[in-house]
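**Q** Sharing a model that was predicted from the sequence below.
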Amino acid sequence: MTDTLTRGAANQAGAHVNPNAAAEAQDFLPLKGIDHVEFWVGNAKQAAAYYRALWGFTPVAYAGLETGVRDRASYVLVQNDIRFVFTAPLTPDGELAEHVRQHGDGVHDIAFAVDDVASAWEETTKRGARSALEPTDYAGQKGTLRRSAIHTYGEVIHSFIDRSDYHGTFAPGYHKIKTPAAAATGQSLLEVDHCVGNVALGDMNRFVDFYKDVLGFSQLIHYDDKVIHTEYSALMSKVMQNGNGRIKFPINEPAAGKKKSQIQEFLDWYLDEGTQHIALRTEDIVGTVRALKARGVEFLGMPHAYYQSLPERVGDVGVPMQTLEELGIEADRDEEGYLLQIFTKPVQDRPTFFFEIIERHGSRGFGVGNFKALFEAIEIEQAKRGNL
Ligand code: FE2
């Protein structure tokens, strides 16, 4: 490989790991973590009910007509360190209604927690980021929340949020939900592990450079299309991470194959580049998946043949193979350890955004050993949709 960032040991053919990624990241943009993810959806009230009843999130704050907001309704839901906001338009005009009309439901903002929103905005815009919001103070009874924002791929933005002088539940203008309806129990989703962006053919390296040059990230892994392919379709992926390693953004682009890449299916139905999936970390994937399935969350199934060859490939992963197969959980191992993971079907009607649930035991990878079987499972779904 000519790419200097892929000089690290290759743990499997076609997967190039950079062990020095964190050290190489630039510190002009210290990001503390992901503050929240905001989804723009057609019906925020029902989205909030779905994530409460099926996924066990707790609604904590609301903004809408009753709080003096006339053009949109937003619900803030939390589970451990995960904070999601679902926002829907109340009127047919404006960017929010247009976004939903074009794309259906999808990720609008992957927001970072920072200490200094002005510095974050200045450092990134002077390196070429397109501003989405100049540094702004939002004052309320519970203090001041500071925010700025830049654009990334598609219509997705990254907000920078400083809540050090704000003591309310989410942001000025939102009312705390004082007696939230009880969230479902049994699952334990802890934090956002990684967020994956799908970009158009030929755009992957442009956004790899964007995260490197503009946000100071470094490249952790490169998967080429020799490893990420099935008989029919292929994709390429590079994983970018920030300096403290808490934020990991794989960037995918479709590659040529005999049939349509799942990345192309996303692009065809989202009508833009966008966030493909968010992985949520758990320390109890078996209990969590069992609870989510019982409440109706739909997961991709894996064929029996996958589990027949699994023990040889991954060894002991602390869960009986029979349990993994019963629930459809996948396993992978690299030189650092192993991971367990599972993917949902799309969580809205368009075949676009979905979730992953991941339990890590040492491995910092993304399940490269599962890519082929996983993509074959996705192709079965694509074929049902007439999109392969
Ligand atoms: Fe993932």
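**A** Great, that's in hand.
**Q** Now the closest residue to G186 other than its chain neighbours: which helix or strand?
**A** Of all residues not flanking G186 in the chain, A291 sits nearest, at 3.1 Å (C-beta to C-beta, 6 or more residues apart in numbering). (Glycine included, C-beta is placed from N, CA and C.) Using DSSP states H and E, A291 sits within helix 285-294.
**Q** now do S309
**A** helix 304-314.
**Q** same deal with V196?
**A** Under the criterion DSSP H and E, the helix or strand holding V196 is strand 191-198.
**Q** Tell me the helices and strands packed up against that strand.
**A** Strand 191-198 makes packing contacts with strand 33-40, strand 248-255, helix 262-270, strand 274-281, strand 354-361 when contacts are defined by 3 or more C-beta pairs under 8 Å, 6 or more residues apart in numbering; DSSP states H and E.
**Q** Next, the contact list for the residue nearest to G186, please.
**A** 56, 184-187 (C-beta atoms under 8 Å, 6 or more residues apart in numbering).
**Q** Just give me the least confident of the residues you listed.
**A** Within those, A184 has the lowest pLDDT, namely 86.
**Q** And for that one, nearest residue in space, chain neighbours not counted?
**A** Closest to A184 by C-beta to C-beta, 6+ apart is G56, at 4.2 Å.
**Q** Run a quick neighbour tally on the closest residue to V368 other than its chain neighbours.
**A** Counting by C-beta to C-beta, 6+ apart, the nearest residue to V368 once its immediate chain neighbours are dropped is A15, at 4.7 Å. Burial of A15 is recorded as 24 neighbouring residues (other C-beta atoms under 10 Å).
**Q** can you check Y75 too?
**A** With other C-beta under 10 Å as criterion, Y75 counts 28.
**Q** What strand or helix carries it?
**A** Per DSSP H and E: strand 72-79 holds Y75.
**Q** Quick check: which helices or strands does that strand pack against?
**A** helix 44-53, strand 58-63, strand 82-89.
**Q** Name the stretch among the ones you listed that sits most buried.
**A** When you average the neighbours per residue for each of those (mean count of other C-beta atoms under 10 Å), strand 82-89 leads with a mean of 22.
**Q** Does T185 touch G56 like I think?
**A** Yes. In this structure, T185 is within contact of G56 by C-beta atoms under 8 Å, at 6.5 Å.
**Q** Run through the stretch 101-250 of the chain and note the low-pLDDT ranges.
**A** By pLDDT under 70, the stretch 101-250 of the chain has no low-scoring segment.
**Q** residue boundaries of the helices in it?
**A** For the stretch 101-250 of the chain, the helices defined by DSSP state H, counting those that start in this stretch occupy 117-125, 204-209.
**Q** now those helices in JSON lines, with distance to the ion and mean neighbour count?
**A** As requested, the helices of the stretch 101-250 of the chain are exported to JSON lines (distance: least, C-beta to the ion, whole Å; neighbours: other C-beta atoms under 10 Å):
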{"stretch": "helix 117-125", "distance to the ion": "25", "mean neighbour count": "20"}
{"stretch": "helix 204-209", "distance to the ion": "16", "mean neighbour count": "18"}
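**Q** Can you name the residues of the stretch 251-388 of the chain sitting close to the ion?
**A** 279, 356 (C-beta under 5 Å from the ion).
**Q** List the buried residues of stretch 245-261.
**A** Buried residues in stretch 245-261, counted by 16 or more other C-beta atoms under 10 Å: 246-255, 257, 260-261.
**Q** Repeat that for stretch 271-285.
**A** Buried-residue list, stretch 271-285, by 16+ other C-beta under 10 Å: 272-282, 285.
**Q** can you redo those residues as TSV with pLDDT?
**A** Putting those into TSV (pLDDT from 0 to 100) gives the following:
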residue	pLDDT
D272	96
E273	97
G274	97
T275	98
Q276	97
H277	97
I278	98
A279	98
L280	98
R281	98
T282	98
I285	98
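**Q** Can you tell me which of these is nearest V297?
**A** L280 (11.7 Å; C-beta to C-beta).
**Q** Count the residues that sit near the nearest residue to that closest one once chain neighbours are set aside.
**A** Spatial nearest neighbour of L280, excluding adjacent residues (C-beta to C-beta, 6+ apart): L189 at 4.5 Å. For L189, the count of nearby residues is 22 (other C-beta under 10 Å).
**Q** what's near enough to touch L189?
**A** Counting by C-beta under 8 Å, 6+ apart, the residues that L189 touches are 55-56, 79-80, 82, 280-282, 288, 357.
**Q** Output the longest helix along the chain as CSV, restricted to C-alpha atoms.
**A** Longest helix of the chain, by residue count under DSSP state H: helix 371-384. C-alpha atoms of helix 371-384 as CSV (Å, rounded to 0.1, in the frame of the first residue of the first chain):
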residue,chain,number,x,y,z
PHE,A,371,-18.2,-8.3,6.7
LYS,A,372,-18.7,-10.9,4.0
ALA,A,373,-21.4,-12.9,5.9
LEU,A,374,-23.0,-9.6,7.0
PHE,A,375,-23.1,-8.2,3.5
GLU,A,376,-24.6,-11.4,2.2
ALA,A,377,-27.3,-11.1,4.8
ILE,A,378,-27.9,-7.4,3.8
GLU,A,379,-28.1,-8.5,0.1
ILE,A,380,-30.9,-10.9,1.0
GLU,A,381,-32.8,-7.9,2.4
GLN,A,382,-31.8,-5.8,-0.6
ALA,A,383,-33.2,-8.4,-3.0
LYS,A,384,-36.5,-8.5,-1.1
